[in-house]
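Undergrad: for reference, the sequence and a predicted model appear below.
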Number of protein chains: 2
Amino acid sequence: MLKANPDYLDLPGNYLFAEIERRVEKYCAEHPGRQLVRLGIGDVTRPLSPTLVSALHEAATAQGDPATFSGYGPYGGYNSLRSKIAEVQYHNRNVPMQPDEIHVGDGAKCDVGNILDIFSKNTVAAVCDPVYPVYVDTNVMAGRAGHIGEDGRWSDLIYFPCTEENGFLPVLPAPDAPVPDLIYLCFPNNPTGSMISGAELKKWVDYANAHGSIILYDAAYEAYITEDYPHSIYEIEGARTCAIEFCSFSKMAGFTGLRLGWTVFPHELVLDGVSLGKLWGRRQATKFNGASSMSQKAGEAVFSENGQREMRETIAYYQQNAKVILEVLTGLGIQASGGVNAPYIWLKTPENTSSWSFFDRLLEEANVVSTPGSGFGPCGEGYIRLTAFGSHENTQLAMDRIKKMF
Amino acid sequence: MLKANPDYLDLPGNYLFAEIERRVEKYCAEHPGRQLVRLGIGDVTRPLSPTLVSALHEAATAQGDPATFSGYGPYGGYNSLRSKIAEVQYHNRNVPMQPDEIHVGDGAKCDVGNILDIFSKNTVAAVCDPVYPVYVDTNVMAGRAGHIGEDGRWSDLIYFPCTEENGFLPVLPAPDAPVPDLIYLCFPNNPTGSMISGAELKKWVDYANAHGSIILYDAAYEAYITEDYPHSIYEIEGARTCAIEFCSFSKMAGFTGLRLGWTVFPHELVLDGVSLGKLWGRRQATKFNGASSMSQKAGEAVFSENGQREMRETIAYYQQNAKVILEVLTGLGIQASGGVNAPYIWLKTPENTSSWSFFDRLLEEANVVSTPGSGFGPCGEGYIRLTAFGSHENTQLAMDRIKKMF
């Protein structure tokens, strides 16, 4: 008897950003003409830089010429792109990396979502709280999360609370605590904007190697690091035997619409004699057909000299927004963190208002769209995430309106 | 204790096309300088048509301008594209279709591969034999295929032999036979090139509705139909309550590198009160971030007047190849079918040679890359698939060499 996947039915309500969209649409329908400023969903707003646009034009022309047309590409991406990623993202930071350890895909979210496919069903995952919802939801959808409790936590997941007290950094499991099989870490962190030091990250790598865990390291925001922190987990000794790293062109170079990312499986990452990179390759060969060739061409251009310079300019633009947001909030006496090594600012709602209440208040009184912290987990309650991805003008406008609110 | 997914380890050997690539690379390394003609993997060779190239240039320019830059799109595709698909692919054939029943993705292979996610684990699937390997392999990887027998068949799958005797068309399960939950059908067929009539397809729709089965209808090659056959399963009465249809821009308009397709979930498709379209939407919102916006813009251009005319010209070009292949084979007294409503020609190997032996012989004696029929299932043994996707010159060259072989 055919049935829908019961694990899907366990998912409560809508995906966070869909629910935000619903509230925003409702507000707009009831208040036509209001100019909203969106500092909610982490989508970029700056256009692709000139070097990337040129690369896209070149790629379009090539697709129209029988001599240069290209169809199916390699499932794991063109070698020219994989080599460039290895060189600029890893070798230039003195991190050894083979191009065939880099698997190009259509975005970190897809790979982070699909990674559970290659592990056995009874895998126990650990996540930070608050956390990017995709980590939790994909475990729920794979039947690996158990049941949701009244506290909003799933019975079969392990949680690392990230709070004001611990500087929004997860604390290693106690020696007698259950050992997670998979440990999701994301630095620079979404949603809190916190960053982890090399010394702290080394503790996690050592823990994973000692306990046979694998760290799923989401480095999608590494380009926003301004201080002396690791950009890749492979900067940490021992990470090659215990970590899979996810990276993305989305926030680095404005590819949220183009779709491009990569995932690293070091050759040393072997489970019971099975290479995880090979297993992932098999998944992708069967269920995926490579990222769009146009996006890959633009991706290569990101690593050219001009591409890198333009990338840094765009990131500096967003970092300026983060600075403005932090300054205004601090001036208002609102507690806020992040924003220095990350495009996210994590602010504590005034007077212990709930996240959704403050979300609604920002929407209604300041016409600013934010992201409620509680959408990222119980420990996010009482917080709001703002992003630095708006234009200077809109960010200033939003902060002026927020100033007026108080 | 962390383990690799044991179901992945059940997969025997390499994915078919990877194995072909391995043999071809080995041959080329041992025989440098040989000019191979590739009539194997079904990749197109004609460039994108002028209207599509223009659309890509426009989209590239738009991505470089802050006023027109677009980031994340809707998970299910831009409404402008979904509306065009509804209009041209369905309404113009008098098939009712709402745009929100059309879910745009990055290719039929990905959607066909991921569709199992939304059904419960104990789902029993039925496939034709021979069959596109992705249907079988994804069931294996999801732990739904049981064990492989010496005959190359999986214990928990139901097979419909498609042979010379039944004109390469599946025969409905007998009244006392086990009822499959999911029925994979692909017409025009890959690999045999056979086509099903509306009357025959109606029998499958009626069977599915009577037994609570769902038909997964792969219509990726519908643009190649030249005779009076259904282009969509929704031309058949009753299909909206029992069929999911997969379609692709790959072979229709040369998007194998760009990546674009769509999957149809009619609103009536409900299982125990759960809308399958909503379930799929939830999967995509969590594990996917939309097809590349550039590809979607090019996809829209396919449905313009010029886009449609150019599309037909390119398809006519490939159909001319199919004609040449069929004529030569017939002239040699080699039995071949398909090629009239499909870009695939299915030829019986002379003297009952095995598929891989004849593959090797074509590779070594004619320097032609084909696809061994046995790679598509036991009933494909003794057959070879040739594709019409080459250039006129290469196709002619390949057929001249094959003529010389005999």
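TA: Yep, that arrived.

Undergrad: quick one: residues contacting A:S248.
TA: Applying CB atoms under 8 Å, 6 or more residues apart in numbering or on different chains, we find A:S248 in contact with A:G107, A:A108, A:K109, A:A220, A:F255, A:L260, A:G261, A:W262. C-beta: built from backbone N, CA, C; applies to glycine.

Undergrad: stretch A:161-173 near chain B at all?
TA: No. Judged by CB under 8 Å from any CB of the partner chain, stretch A:161-173 makes no contact with chain B; its nearest approach is 14.7 Å.

Undergrad: kindly apply the preceding question to stretch A:120-137 instead.
TA: Yes. Stretch A:120-137 comes into contact with chain B (CB under 8 Å from any CB), by way of A:S120, A:K121, A:N122, A:T123, A:P133, A:V134, A:D137.

Undergrad: next step: the residues you listed restricted to helices.
TA: Counting by DSSP state H, the part of the residues of stretch A:120-137 next to chain B found in helices is A:P133, A:V134, A:D137.

Undergrad: the strands in the stretch 151-300 of chain A, which residues?
TA: Along the stretch 151-300 of chain A, the stretches classed as strands by DSSP state E, counting those that start in this stretch are A:158-161, A:182-186, A:214-218, A:243-248, A:261-264, A:270-271, A:274-275.

Undergrad: I'd like to know which of the ones you listed lies nearest to A:I402.
TA: strand A:182-186 (26.6 Å; CB to CB).

Undergrad: now that closest one - C-alpha only, CSV.
TA: Written as CSV, here are the backbone C-alpha positions of strand A:182-186 (Å, rounded to 0.1, in the frame of the first residue of the first chain):
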residue,chain,number,x,y,z
LEU,A,182,27.7,13.6,12.8
ILE,A,183,28.5,17.0,14.2
TYR,A,184,27.2,20.0,12.3
LEU,A,185,29.3,23.1,12.8
CYS,A,186,28.9,26.4,10.9
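
Undergrad: partner strands of it and their direction?
TA: Strand A:182-186 has the following strand partners under DSSP bridges: strand A:125-129 (parallel), strand A:214-218 (parallel).

Undergrad: restricting to C-alpha, output the first one in CSV.
TA: So that's strand A:125-129. The C-alpha trace of strand A:125-129 is given here as CSV (Å, rounded to 0.1, in the frame of the first residue of the first chain):
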residue,chain,number,x,y,z
ALA,A,125,23.5,14.0,14.6
ALA,A,126,24.4,16.9,16.8
VAL,A,127,23.6,20.5,16.1
CYS,A,128,24.1,23.8,17.7
ASP,A,129,21.1,25.6,19.1
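
Undergrad: in that strand, what counts as buried?
TA: Residues of strand A:125-129 classed as buried: A:A125, A:A126, A:V127, A:C128, A:D129 (neighbour count, 16 or more other CB atoms under 10 Å in any protein chain shown).

Undergrad: look at the fourth one and report its pLDDT.
TA: With respect to pLDDT, A:C128 scores 98.

Undergrad: list the contacts of it.
TA: A:Y159, A:F160, A:P161, A:C162, A:P170, A:Y184, A:L185, A:C186, A:N189, A:G377.

Undergrad: give the closest residue to the second one in space, chain neighbours not counted.
TA: The shortest distance from A:F160 to any residue that is not its chain neighbour, by CB to CB, 6 or more residues apart in numbering or on different chains, is 3.4 Å, and that residue is A:P170.
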